[in-house]
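> Here's a sequence, model it:
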Amino acid sequence: MFVATLVASAAIGQGDIADARDRLHDAGCRPGESRWIDPEVAADLFFDTDPATARAVLTGLGQGQGLGQGIDVIVQPVAHREKQLIVADMDSTMITVECIDELADYAGIKAEIAEITERAMQGELDFAAALRARVALLKDLDEAVIEQCRTERVRIMPGARALIRTMRARGAWAVLVSGGFTRFADPVAAEIGFDTAIANVLDIAGGKLTGTVHDPIVDAARKRFELGAAMARSGIAREATLAVGDGANDIPMIEAAGLGVAYHAKEKTRAAADAEIVHGDLRVLLYAQGIGRADWVPD
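Residues are numbered from 1 along each chain as shown. Alright, predicted model coming up:
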């Protein structure tokens, strides 16, 4: 048995559910009952077969609702729907910015570094080499700018606290794994409510950035490794894991998780994921687990 969870950025009507049911029926997916998770916001539609086809035919559901509005659809097996482990990216996933780009702004070179960041996130550049190149451009930046940047620029992504705190309250383990830096990741993880954080360490000497970063770099392979390590430590099965991110360096962990989700992501990441969030915020992932608003820990 499979479930398609429909989550609206504005509202879902019975017409949207009927449209989804018709699409599944016409594709041979044998739809069954539907139920509200939260009325007019999120609904489940159960079906019997062929989740890949179901995802394909439900893509674009709710188009025409209006600018910036739409319906996200998460298709998955009913079994292990509620996850026991989440591994999440930080920049542009759990927070709204790319920290290295914001640091670069204080050095007056944001445009130059942001272009490299974008190409790396699109999968056009080797991540580790691109990171070293960007950090080298920050050589001699005052260490104090890091905390200034974090305070002035870093904002938690809508829904992040509710997602992580609710999952942890229900017994899940939460890992933040970032290709960014510990000086941002550690306080962000604490503020949101993660159990632990893994990120890169900037080299600093005499109160200034040296332009280098500790090895080994937290790259795509390391993110995938940390997912596997968390599973091994906890004894959690793959089917009960969730990974979410937006960039190409998130693809291996997204592909390895029980449910890999692309969050407002780059095209390659969207293509690799089991599901994607295009319209809503991170609370969509609570609805995807069948958890309604009444059971959320407040954001």
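> where exactly do the helices run in this structure?
Ranges of helices in the chain, per DSSP state H, are 14-26, 51-58, 99-106, 110-121, 127-137, 144-153, 160-169, 182-192, 220-234, 251-256, 267-272, 284-288.
> would you put the C-alpha positions of the second one in CSV?
The one in question is helix 51-58. Extracted in CSV, the C-alpha atoms of helix 51-58 (Å, rounded to 0.1, in the frame of the first residue of the first chain):
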residue,chain,number,x,y,z
PRO,A,51,4.5,4.7,-6.9
ALA,A,52,6.9,5.9,-9.6
THR,A,53,4.0,6.3,-12.1
ALA,A,54,1.9,7.9,-9.3
ARG,A,55,4.5,10.5,-8.6
ALA,A,56,4.8,11.3,-12.3
VAL,A,57,1.1,11.8,-12.9
LEU,A,58,0.6,13.8,-9.8
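> Going forward, the N-terminal residue is numbered 54.
With the count now opening at 54, the last piece we talked about shows up as helix 104-111.
> so it versus helix 67-79, what angle?
Using axes from the mean of the first three to the mean of the last three Cα atoms, to 10 degrees, the direction of helix 104-111 lies 130 degrees away from that of helix 67-79.
> repeat for the third one
Helix 152-159 and helix 67-79 meet at an angle of 130 degrees, taking the same axes, to 10 degrees as the criterion.
> How about helix 152-159, which residues are buried there?
Across helix 152-159, burial judged by 16 or more other Cβ atoms under 10 Å covers Cys152, Ile153, Asp154, Glu155, Leu156, Ala157, Asp158, Tyr159. Every C-beta, even on glycine, is put in place using the N, C-alpha and C of the backbone.
> With the fourth one instead?
Under the neighbour-count criterion of 16+ other Cβ under 10 Å, helix 163-174 has Lys163, Ile166, Ala167, Ile169, Thr170, Ala173, Met174 buried.
> Let's test this: mean pLDDT of that helix, rounded?
Averaged over helix 163-174, pLDDT sits at 93.
> what sits up against that helix?
145, 151, 153-155, 157, 178-180, 183-184, 186-187, 190-191, 299-302, 319 (Cβ atoms under 8 Å, 6 or more residues apart in numbering).
> The same query, at a cut-off of 6 Å, please.
Residues from elsewhere that reach helix 163-174, judged by Cβ atoms under 6 Å, 6 or more residues apart in numbering: Glu151, Asp154, Ala157, Leu178, Phe180, Ala183, Arg187, Gly300, Ala301, Lys319.
> Send me that helix as CSV with only the CA atoms.
Taking C-alpha atoms only, helix 163-174 is exported to CSV below (Å, rounded to 0.1, in the frame of the first residue of the first chain):
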residue,chain,number,x,y,z
LYS,A,163,30.0,38.3,-2.7
ALA,A,164,29.2,38.2,-6.4
GLU,A,165,32.5,36.3,-7.2
ILE,A,166,32.0,33.7,-4.5
ALA,A,167,28.3,33.3,-5.0
GLU,A,168,28.9,32.4,-8.7
ILE,A,169,31.2,29.6,-7.6
THR,A,170,28.7,28.5,-4.9
GLU,A,171,25.9,28.3,-7.5
ARG,A,172,27.9,26.3,-9.9
ALA,A,173,29.0,23.9,-7.1
MET,A,174,25.4,23.4,-6.0
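> okay, the angle between it and helix 180-190?
170 degrees.
> Quick one: end-to-end length of stretch 93-105, please.
This stretch, stretch 93-105, spans 26 Å end to end (Cα to Cα, to the nearest Å).
> mind listing what's buried in it?
Residues Val94, Ala95, Ala96, Asp97, Leu98, Phe99, Phe100, Asp103, Pro104 are the ones in stretch 93-105 that count as buried (16+ other Cβ under 10 Å).
> Filter those residues down to the ones in strands?
The strands, defined by DSSP state E, take in Ala95, Ala96, Asp97, Leu98, Phe99, Phe100 from the buried residues of stretch 93-105.
> Closest one of the residues you listed to Ala215?
Ala95 (13.5 Å; Cβ to Cβ).
> distance of the closest one from Val126?
Distance, Ala95 to Val126, by Cβ to Cβ, to the nearest Å: 11 Å.
> go on, Ile162?
Going from Ile162 to Val126 by Cβ to Cβ gives 40 Å.
> Neighbour count: the two, which is higher?
Val126 (26 against 16; other Cβ atoms under 10 Å).
> Which residue is the nearest non-sequential neighbour of the more buried one?
Excluding its sequence neighbours, the residue lying closest to Val126 (Cβ to Cβ, 6 or more residues apart in numbering) is Leu111, at 4.5 Å.
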